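K.L.:
test case, fold it:
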Amino acid sequence: MILVLGGTTEGRIAVKTLEEAGKPFYYSTKGDEQEVLLHNGIRLQGAMDAEKMETFCIQHGIKLLIDAAHPFAEQLHKTVEQVSSASGIPVIRFERIFVRHDEEHITWCKNYDDAIRWIKKEEILTLLALTGVQSISKLESLWKESTCCYFRILDRDSSRELACKQGYPEEHLRYYHYGEDERSLMQELHPEAILIKESGVSGGFCEKVKAAQELGIRIFAICRPQTSEKFHYVNGEHGLRRMVERFLPVFFPLHSGLTTGTCAAAAAVAATWDIFNVAFTPRPSEFPVVLPNGETIHVPVEPQKKRPHSGILRNGDGMFETSATVIKDAGDDPDITNGVEVIANVAIPFRMDDPSSGKSPVQEDYDIIVCGGEGIGIVTMPGLGLELGSPAINATPRKMIEDNVRRCLEKIGISNQPNPIVVTISVPGGEEIAKRTFNPRLGIEGGISIIGTSGIVKPFSSEAFINSIRKSMEVARATNSPRIVISSGAKSEKYIKAYYPDLPAQAFVHYGNFIGETLKIADTLELPQVTLGVMIGKAVKLAEGNLDTHSRKVVMNKHFIQDIARRAGCSEAVLNRIGQINMARELWDIIPADELAIFSKALIGHCLQHCAPLLPKGELTLLLITENGKIYV
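P.N.:
Okay, the predicted model is just below:
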């Protein structure tokens, strides 16, 4: 059993993540203001001191605590640490993503007293405090003495009552409304400065800073209090799930894994660290990797086999280089690359004639160059979004490797490294593995491709994943939303949410590849209106009647697509070009704009022929989504 301390955006994410397991857990908040839908979770309300929390954990068999509370909930963090120490229950701290402290336009304050000292020292006469109703009493010496203070608080009775209880004048209160432009209140009040808390990305920190900067308003920010070093830290849904899987292996029916791109990024970070670890400090067993969604996970890296070394090149120059290895962990997804070695070789050239021991730059500005080595395929056909002859490393994993190497350099204090850094990714045995994939049909020769958009592999091909879809659909139904929207993943969902802006977040469900199974679940739940969002790659498979669109089971049929295009009135030239495509997304460029609407309507019609019968009692709408978010109905 798991106990989550929430009441925040992170609390909602924790609920969404744990609900995927289909097992009960407890979700605790201090008050009842936060609306959160629970299907398997059990809601608790009311503050708990250490004694009460420890007793609850014993009585209900709690084996894991997830602290997803606000960064400034200091007392709760201390209570959780105390309970963990007394009971031996591990704690996952679901922290927020924070910005760095190196921005010169922000005056960072250690705490509220330090903020008061700074504001008085700078003789700020008008201050807008965006620090919440709880901070009114903490800043009393400001608003009762020299500074005209305005406090923005939540527009609810409990906040108004607390402000009144602290003796604050009502005429200086302003109320926050969800979605409002941060600039509007600043433009209304024209404060000399604002005071904010280090509330992280999900707390709107960046929006407040940007608005104040644009209006020329000074910014004072209170640093978040530090939490226990004994906690296990995550800052996103993927890291949370993997940490839960580590402490409670049986909670999720299937375990998540890492993409090859994430493994390559981790290996590149480790090799970079090895080269520049001049102090020979102990090498970590895990290295941080920032995923495309901004969260950080830690990836196990194999022990260092040999120290970094230097060699002499033919032209008389030299090269510092070393390699690091990550063993691919695909979790419970039946990934053909599971268990392979992903190796990153990092090399930095230097000039032998440099009087400072070979550190003169080869070029004026350093760059990170990502190459493919043994076992990485070469692109031989157009349509993959990569240059012909280049290694089959897609844009997202390539950027992950580059960005994470840069972060590693900055972290170890080498932000102005002048030499180019060459990262070569290899997968021994990749050429043989690739023969058992669809890569040869896509024009990728000589090895595997490194793809992926999230950095994490969720186990799709199993009954357990279908069960998680069922749970998500049940939660969606419980919202009483007039429409439930199903889509393949985050990218298509982003576009459809803009199409249906008024639907609750829980009304959007991912089907992965299981379109048929998801529609059958919708029929069982008697959902009256369902929207199916699909991108072109899955649409061309679905139109032919393939209700499970996984690439291991089915590939696009170019003859079938040509037939649809022919019936839509496309020219012979277009039909010939369709016969040469490798990826379905090329269709958006091949088919002329004036024919796209007819083609799209025909493709949607074929999809509906196979899908609509699965929802006989409901109304099914199908949206075909382009790569840039345009929607065809």
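
K.L.:
just checking, next helix/strand downstream of the lowest-mean-pLDDT helix or strand in the chain?
P.N.:
Within the chain, confidence by mean pLDDT, DSSP states H and E is lowest for strand 309-312 among all helices and strands, at a mean of 64. Downstream of strand 309-312, the next assigned helix or strand under DSSP states H and E is strand 318-327.

K.L.:
what helices and strands are in contact with whichever helix or strand comes after that next one?
P.N.:
Sequence order places strand 341-350 as the next helix or strand after strand 318-327, per DSSP H and E. Under the contact criterion of 3 or more C-beta pairs under 8 Å, 6 or more residues apart in numbering; DSSP states H and E, strand 341-350 touches helix 260-276, strand 318-327, strand 421-426. Placement of C-beta: from N, CA and C, glycine included.

K.L.:
comparing these by mean pLDDT, which bottoms out?
P.N.:
Note on the helices and strands packed on strand 341-350: strand 318-327 shows the lowest mean pLDDT, a mean of 85.

K.L.:
what packs against it?
P.N.:
Against strand 318-327 (3+ C-beta pairs under 8 Å, 6+ apart) you get helix 260-276, strand 296-300, strand 309-312, strand 341-350.

K.L.:
what about N439, how many neighbours?
P.N.:
Per other C-beta atoms under 10 Å, the neighbour tally for N439 reads 19.

K.L.:
residues contacting it?
P.N.:
377, 392, 445, 447-449 (C-beta atoms under 8 Å, 6 or more residues apart in numbering).

K.L.:
can you tell me how far it is from G377?
P.N.:
6 Å (C-beta to C-beta, to the nearest Å).

K.L.:
anything in contact with each of those two?
P.N.:
With C-beta under 8 Å, 6+ apart as the test, N439 and G377 both reach 392, 445, 447-449.

K.L.:
quick one: which of those residues sit in strands?
P.N.:
E445 (DSSP state E).

K.L.:
wait, doesn't L575 sit right on R566?
P.N.:
Yes - here L575 reaches R566: they are 6.0 Å apart, a contact under C-beta atoms under 8 Å.

K.L.:
before we move on, the earlier item: most packed of the helices and strands packed on strand 341-350?
P.N.:
helix 260-276 (a mean of 27; mean count of other C-beta atoms under 10 Å).

K.L.:
what angle separates it from strand 318-327?
P.N.:
140 degrees (axes from the mean of the first three to the mean of the last three C-alpha atoms, to 10 degrees).

K.L.:
got the angle between helix 260-276 and strand 341-350?
P.N.:
Using the same axes, to 10 degrees: helix 260-276 against strand 341-350 is 40 degrees.

K.L.:
related to what we said a few turns ago, of all the helices and strands packed on strand 318-327, which one is nearest C570?
P.N.:
helix 260-276 (35.7 Å; C-beta to C-beta).

K.L.:
show me what the closest one is packed against.
P.N.:
strand 286-290, strand 296-300, strand 318-327, strand 341-350, helix 395-411, strand 421-426.

K.L.:
ok, residues contacting the second one?
P.N.:
Contacts of strand 296-300 from elsewhere in the structure, counted by C-beta under 8 Å, 6+ apart, are 234-236, 238-239, 242, 258, 262-263, 265-266, 285-291, 326-327, 329, 455-456.

K.L.:
whichever of those residues end up buried, select them in PyMOL.
P.N.:
Selection of buried members from those for PyMOL, criterion 16 or more other C-beta atoms under 10 Å:
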select buried, resi 234+235+236+238+239+242+258+262+263+265+266+287+288+289+290+291+326+327+329+455+456
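
K.L.:
could I get the helices and strands packed on strand 341-350 as JSON lines with distance to L248?
P.N.:
Formatted as JSON lines, the helices and strands packed on strand 341-350 follow (distance: least, C-beta to C-beta, whole Å):
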{"stretch": "helix 260-276", "distance to L248": "23"}
{"stretch": "strand 318-327", "distance to L248": "23"}
{"stretch": "strand 421-426", "distance to L248": "33"}
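
K.L.:
gap between Q82 and S228?
P.N.:
10 Å.

K.L.:
er, G294 actually
P.N.:
24 Å.

K.L.:
compare neighbour counts for the two and give me the winner.
P.N.:
Legend: neighbour count by other C-beta under 10 Å for G294 and S228, higher for S228 (16 against 10).

K.L.:
pLDDT value on the residue nearest to that one when sequence neighbours are not counted, please?
P.N.:
Using C-beta to C-beta, 6 or more residues apart in numbering and skipping residues adjacent in sequence, the residue nearest S228 is E81, 4.4 Å away. We have a pLDDT of 96 for E81.

K.L.:
list the contacts of E81.
P.N.:
91, 227-228, 230-231.

K.L.:
repeat that for G569.
P.N.:
Applying C-beta under 8 Å, 6+ apart, the residues near G569 are 595, 598.

K.L.:
so what does it look like in phi/psi?
P.N.:
G569 adopts backbone torsions of phi 90, psi 20, taken as degrees, to the nearest 10.

K.L.:
ditto for T337
P.N.:
phi -90, psi 0.

K.L.:
T259 versus that one, what's the distance?
P.N.:
Taken as C-beta to C-beta, the span from T337 to T259 is 9 Å.

K.L.:
tell me the contacts of G629?
P.N.:
494-495, 498.

K.L.:
got phi/psi on it?
P.N.:
Torsion angles, degrees, to the nearest 10, at G629: phi 100, psi 0.

K.L.:
quick one on the thing from earlier: which among the helices and strands packed on strand 341-350 is found nearest to A507?
P.N.:
helix 260-276 (30.0 Å).

K.L.:
restrict that closest one to CA atoms and write it as CSV.
P.N.:
The C-alpha trace of helix 260-276 is given here as CSV (Å, rounded to 0.1, in the frame of the first residue of the first chain):
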residue,chain,number,x,y,z
THR,A,260,17.8,3.2,-26.7
GLY,A,261,18.1,7.0,-27.0
THR,A,262,18.0,7.4,-23.3
CYS,A,263,20.6,4.7,-22.8
ALA,A,264,22.8,6.4,-25.4
ALA,A,265,22.4,9.8,-23.7
ALA,A,266,23.3,8.3,-20.3
ALA,A,267,26.4,6.5,-21.7
ALA,A,268,27.5,9.8,-23.4
VAL,A,269,27.1,11.7,-20.1
ALA,A,270,29.1,9.0,-18.2
ALA,A,271,31.9,9.1,-20.8
THR,A,272,32.0,12.9,-20.7
TRP,A,273,32.2,12.8,-16.9
ASP,A,274,35.0,10.3,-17.2
ILE,A,275,37.2,12.5,-19.5
PHE,A,276,36.9,15.6,-17.4
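
K.L.:
residues near the closest residue to L547 other than its chain neighbours, how many?
P.N.:
Sequence neighbours aside, G516 is the residue nearest to L547 in space, at 2.8 Å (criterion: C-beta to C-beta, 6+ apart). A count of neighbours around G516, defined by other C-beta under 10 Å, yields 18.

K.L.:
give me the beta-bridge partners of E341?
P.N.:
I327 (DSSP bridges).

K.L.:
quick one: it and I425 touch, right?
P.N.:
No - in terms of C-beta under 8 Å, E341 does not count as a neighbour of I425; the distance is 11.1 Å.

K.L.:
follow-up on the earlier one: what about the helices and strands packed on helix 260-276, which gets the closest to Q45?
P.N.:
The nearest among the helices and strands packed on helix 260-276, by C-beta to C-beta, is strand 296-300 at 31.7 Å.

K.L.:
so the closest one versus strand 318-327, what angle?
P.N.:
90 degrees.

K.L.:
what's the mean pLDDT across strand 296-300?
P.N.:
93.

K.L.:
now do the helices in the stretch 401-550 of the chain.
P.N.:
430-434, 463-478, 490-499, 515-524, 536-542 (DSSP state H, counting those that start in this stretch).
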